[in-house]
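> Here is my input, please return the structure:
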Amino acid sequence: MELQEKAAVPIFTEVDRDVFLREIYPERRPAVLRGVSLGPCLEKWTVEYLARKGGDKEVKIHVSTVPQMDFLHKNFLYKTLPFSEFVKRASETKHADFFLCEDESYYLRSLGEDVRKEPADLSKQFPDLASDFHVPRFFEPDQFFSTVFRISSCGLQLWTHYDVMDNLLAQVTGTKRVVLYSPQDALHLYLSGDKSEVLDIDAPDLQRFPDFVKAKRYECVLEPGDLLFIPALWFHKTLALQFGVGVNVFWRHLPPHSYDKKDPYGNKDPVAAARALQALERALHALDELPEDYRDFYGRRMIQRIQTRTHLDSLSGTKTQDDSDSPTTKPG
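You can find the predicted model right below:
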């Protein structure tokens, strides 16, 4: 069986704002940052401390009978628990109290107070805990978008997806494996929206997903205190090797008008990209008006035009006759 090419995510130590912005950020590649001060959370955030400080604030969580959660087919339920009870259950392997089964898995992605309008912000939703976590100042304050709690049961796997903002994933407690794929491998990941249909990346169904092996796999294991820089559009999938608590910090690295103002999660495509995708759908509907052989021919021309605008083709200087077409070009 053909094997996927693999590479380790590089690890950097002694990273401050200047080093990050000068040496790491411009590369637009994932990096593990080790030794950055995250505050007293590293020592304080035990299960008991989290439960006491988080208290009875209700949180919306994912609950599944299996640890491999699948967003596309929704193999989980949304439930609500007091934060203290959620943390207690998520840290257990067997549950005296449960929704589905005694070994069910839990996952929290914290939300804003008004989930339709407000991004997650630890300082607002969990002020007593937020003071323990020091947000790395690797971006300008006015670029800040959200701080998101990510708390999961041991063994829990999330689906492969991308985000449209740059972010830092801080691992506070527990260990976590993260696998990433470059945006340039998007065509090999069998996308449905922003998510990959390949649920099991360690034993993929290559009859359904034969091109998945062409995607280069980048991998790291985050230890407590590690930061993972995940550039926008890089696909990533996490596996909790232990019960763990993390904080995602997202910031707007594009001009403010680039983002959808009605996006509290920070995962909607940039406004211009959304327009382009809508235009593509209209173009495909227009092709449906043609006979099959014409549809195939003009579909191939469209693909060719798109290929000439991709990053890799522009680097290689590849040009085709079609690339020189313009509205003023006269037919031959």
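> Can you pull the domain assignment for this structure?
6-266, 272-323 (automatic domain parsing).
> Out of those, which one sits most buried?
Across the domains of the chain, averaging neighbours per residue (mean count of other CB atoms under 10 Å) puts domain 6-266 on top, at a mean of 17. The C-beta positions use only the backbone N, C-alpha and C, and glycine is treated the same way.
> just the helices in the protein please.
For the chain, the helices defined by DSSP state H occupy 17-19, 41-44, 47-54, 83-90, 122-125, 127-130, 271-287, 292-307, 311-316.
> picking that back up, arrange the domains of the chain in a markdown table, one row each, with mean pLDDT as further columns.
Converted to a markdown table, the domains of the chain look like this (pLDDT from 0 to 100):
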| stretch | mean pLDDT |
| --- | --- |
| domain 6-266 | 95 |
| domain 272-323 | 81 |
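> sorry, back to before: what's the closest of the helices of the chain to Glu140?
Nearest to Glu140 among the helices of the chain is helix 17-19 (10.5 Å), distances taken as CB to CB.
> Just list what that closest one packs against, helices and strands only.
Of the remaining helices and strands, none touches helix 17-19 by 3 or more CB pairs under 8 Å, 6 or more residues apart in numbering; DSSP states H and E.
> Quick one: distance of that helix to the chain centre.
How far helix 17-19 lies from its chain's middle: 24 Å, per CA atoms, centre = their mean, to the nearest Å.
> right, so of the helices of the chain, which gets closest to Pro210?
Nearest to Pro210 among those is helix 292-307 (19.1 Å), distances taken as CB to CB.
> Put the alpha carbons of the closest one into CSV.
Output in CSV follows, covering the C-alpha atoms of helix 292-307 (Å, rounded to 0.1, in the frame of the first residue of the first chain):
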residue,chain,number,x,y,z
GLU,A,292,-23.1,16.7,-22.0
ASP,A,293,-20.2,16.9,-24.4
TYR,A,294,-20.3,20.7,-24.3
ARG,A,295,-20.6,20.6,-20.5
ASP,A,296,-17.5,18.5,-20.3
PHE,A,297,-15.5,20.7,-22.7
TYR,A,298,-16.3,24.0,-21.0
GLY,A,299,-15.9,22.4,-17.6
ARG,A,300,-12.4,21.5,-18.6
ARG,A,301,-11.7,25.0,-19.8
MET,A,302,-12.9,26.3,-16.4
ILE,A,303,-10.6,23.9,-14.6
GLN,A,304,-7.7,25.0,-16.8
ARG,A,305,-8.4,28.7,-16.0
ILE,A,306,-8.4,28.0,-12.3
GLN,A,307,-5.2,25.9,-12.5
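> report the angle between the axes of it and helix 271-287?
Counting by axes from the mean of the first three to the mean of the last three CA atoms, to 10 degrees, helix 292-307 lies at 160 degrees to helix 271-287.
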